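Participant: The following block contains a protein sequence and its predicted model.
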Amino acid sequence: MPELPEVETVRAGLANSILGYSVQAVEILDARSLKRNAGGPKGFKKEILGAKFQQVIRRGKFFWFPISKERALVGHLGMSGQILVRKPADVEDKCTRVILELSRGRSSKQVRFIDQRLFGGLYFDDLVLTSDGKPAGFGPEGRVEPLIPSSASHIARDLLDPHFDPDAVVEKMLTRKTGIKNVLLDQNLMSGIGNIYADESLWLAKLHYNTPAELLSKKKALELIELATDVLRKAVAQGGTSFDEQYKNVNGESGYFAVSLNAYGQTDEPCPRCGTPIRREAWSNRGSHFCPRCQKLKI
DNA sequence: AAAAGTACCTGCGCGC
DNA sequence: TGCGCGCAGGTACTTT
């Protein structure tokens, strides 16, 4: 479920369903999903037993549960991760890697970490002070402390963060010589955007993905940030983008933003603005989708 | 600092 | 039906 809207959908789902629950048992079906845990699977088991979930916070595509003042359980979905909240008796889900058995009073639930490609994972990490001393991320269920997992401390604030500073980010964008899409995807500059929402934002801004960032005017760069923010916000409202069996919310339901996509995954479909067929070009080991007429490369 | 390339993985759908 | 190929919402690490 990987970009900000999909991760936020998961975060909100977890906030709704498992706060107040504690971990009674853990089943590790594939230890590779815990490879970022410094103490290995054994240490993970030890640390998670008895842990109580009281808040879930997200920055960009990272989310975490503070477990104490110093430690958090961190999750990242990578390219194909999912979190499903199930009842213990529910049928098993394909590609399940880790199962947490939870209880609160008499109520029992399972958190299933599912991940086809194993690029995601769960792990414990130390909480460190945010570099700006402001709340670490998004978690509206409680006061968010200025404490962030050390492994995510290099991740910039995302576009939906109340402390995101568009002017400061634009300033940095305009010093970059690389293509604008690389800049949108740079999680150290602004976080939350991935391949879908980068292509969608560039389509909205009528920019070619390889336009050198430094050639944009300040006004155009700011407009791009605003369009990207808008697209993320709308996608969150729709529960994210789902194309297939992956990318569901914690109840296993699809999001509805796919119907609003203008460029991503629309190869050979008419551009909703001008009717020219959308083109897909190989780019950076993946693809870029754009309208060859609306999004010309002007250097 | 920044940019570019590579590594990490599995499984699905497609054409033959 | 089976096989090989291309494809996939990401990040971290290395090298220049």
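Facilitator: Yep, that arrived.
Participant: what about the closest residue to A:Tyr209 other than its chain neighbours, neighbour count?
Facilitator: Distances taken as CB to CB, 6 or more residues apart in numbering put A:Lys181 closest to A:Tyr209, at 3.8 Å, once the chain neighbours are dropped. Glycine gets a C-beta too; all of them are placed from N, C-alpha and C. Number of residues near A:Lys181 (other CB atoms under 10 Å) recorded here: 24.
Participant: How about A:Lys109?
Facilitator: 18.
Participant: what's the offset of the helix or strand it falls within from the middle of its chain?
Facilitator: Using DSSP states H and E, A:Lys109 sits in strand A:107-115. Offset of strand A:107-115 from its chain centre (CA atoms, centre = their mean, to the nearest Å): 19 Å.
Participant: What helices and strands are in contact with that strand?
Facilitator: The contact analysis (3 or more CB pairs under 8 Å, 6 or more residues apart in numbering; DSSP states H and E) places strand A:107-115 against strand A:81-86, strand A:96-104.
Participant: quick one: average confidence on the longest one?
Facilitator: Across strand A:96-104, the average pLDDT comes to 98.
Participant: Strand A:81-86 and that strand, what's the angle between them?
Facilitator: Strand A:96-104 and strand A:81-86 are oriented at 40 degrees to each other (axes from the mean of the first three to the mean of the last three CA atoms, to 10 degrees).
Participant: tell me the contacts of A:Val74?
Facilitator: Shown in contact with A:Val74 (CB atoms under 8 Å, 6 or more residues apart in numbering): A:36, A:62-64, A:122-125, A:149, A:151-152.
Participant: Most neighbours among those, which one?
Facilitator: A:Trp64 (30 neighbours).
Participant: Within the helices and strands, which one has that residue?
Facilitator: Element membership for A:Trp64, per DSSP H and E: strand A:62-66.
Participant: ok, is whichever helix or strand comes after that strand in contact with DNA strand B or not?
Facilitator: Downstream of strand A:62-66, the next assigned helix or strand under DSSP H and E is strand A:71-76. No. Strand A:71-76 is not in contact with DNA strand B by CB under 7 Å from any atom of the strand; minimum separation 11.8 Å.
Participant: do stretch A:197-210 as well
Facilitator: No. On the criterion CB under 7 Å from any atom of the strand, stretch A:197-210 is out of touch with DNA strand B, staying 9.3 Å away.
Participant: so A:Ala38 touches A:Tyr123, yeah?
Facilitator: Yes. At 7.4 Å, A:Ala38 and A:Tyr123 qualify as touching, with contact defined as CB atoms under 8 Å.
Participant: out of everything not next to it in sequence, what's closest to the spatially most central residue of chain A?
Facilitator: For chain A, A:Lys61 is the residue whose C-alpha lies nearest the centre (CA atoms, centre = their mean; 2.7 Å). Nearest in space to A:Lys61, with sequence neighbours left out and distances taken as CB to CB, 6+ apart, is A:Val7 at 4.9 Å.
Participant: and what of A:Arg104?
Facilitator: Of all residues not flanking A:Arg104 in the chain, A:Tyr21 sits nearest, at 4.5 Å (CB to CB, 6+ apart).
Participant: Can you get me a residue count around the one you found?
Facilitator: Residue neighbour count, defined by other CB under 10 Å, stands at 23 for A:Tyr21.
Participant: Check A:Val111 too.
Facilitator: Neighbour number of A:Val111 under other CB under 10 Å is 23.
Participant: In the sheet, which residues pair with it? Tell me.
Facilitator: A:Val85, A:Leu100 (DSSP bridges).
Participant: Quickly list the domain ranges of chain A.
Facilitator: A:4-152, A:166-290 (automatic domain parsing).
Participant: Columns distance to A:Leu159 on top of the ones you listed, output as JSON lines?
Facilitator: Output for the domains of chain A, formatted as JSON lines (distance: least, CB to CB, whole Å):
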{"stretch": "domain A:4-152", "distance to A:Leu159": "7"}
{"stretch": "domain A:166-290", "distance to A:Leu159": "4"}
